[in-house]
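*Asks:* Build me a model from this:
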Amino acid sequence: MKTSKKSIPDEWADYTPEPKSHTAGMILILIILLLLSRALNAQSLTGSFFMEKTVMGVQSGVMVKKQNNQGYLVGMFYQKNIKNNSEVSLLGYEYTGLILGKRIFGYDDINLSPYARVGMSDRSKFVLSPGILVSAQLKNRIGLEVHTAIRAGQASAAIGLSYQLSKRRY
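*Replies:* Numbers count the residues shown, from 1 in each chain. Alright, predicted model coming up:
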């Protein structure tokens, strides 16, 4: 029995597909959560968009988290490299998972919370990333977040904007 191999044209031999950008999807998730914020009515539900500088490159991401009266924080996040010309960013480095933390200091509208991000990188590697989150409410429901963490044994830094989907009651 003879099997035939399909040959591909020479101009396709070096083709590398462009990584898909999920930034539009992340922004869409935040918009949907904003629209549903009245119905969600959680104690302290916050959505944020952030940029993080890691050893793998610059990444953008979204996070949705809830903080209770005792200061415990739980949420979900998704981040991926921003597309540019470097070889590192072509790899994508998707990182998605859970964020768990505890507020240890709070004064007025400023909070300090150590946290751990636990998840999967590129859907194949388990990653644990400890860090510190400083958040400050700027105006009404809009806030600023600054993170620092350890990713792949190296320091990373992030900055983001947050929006309270529901008002805090404590």
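*Asks:* can you give me the strands for this protein?
*Replies:* Remark: strands assigned in the chain by DSSP state E are 45-54, 57-67, 72-81, 95-102, 105-107, 110-121, 125-139, 142-151, 154-164.
*Asks:* between the last one and strand 142-151, what angle do the directions make?
*Replies:* Here the directions of strand 154-164 and strand 142-151 differ by 160 degrees (axes from the mean of the first three to the mean of the last three Cα atoms, to 10 degrees).
*Asks:* partners of strand 154-164 in the sheet?
*Replies:* Applying DSSP bridges, strand 154-164 is found paired with strand 45-54 (antiparallel), strand 142-151 (antiparallel).
*Asks:* Buried residues, the first one. List them.
*Replies:* Applying a neighbour-count criterion of 16 or more other Cβ atoms under 10 Å, the buried positions in strand 45-54 are 45, 46, 47, 48, 49, 50, 52, 54. (Each C-beta comes from the backbone N, C-alpha and C, glycine too.)
*Asks:* Same check on stretch 70-88?
*Replies:* Quick answer for stretch 70-88 (16+ other Cβ under 10 Å): 71, 73, 75, 77, 78, 79, 80, 81, 83.
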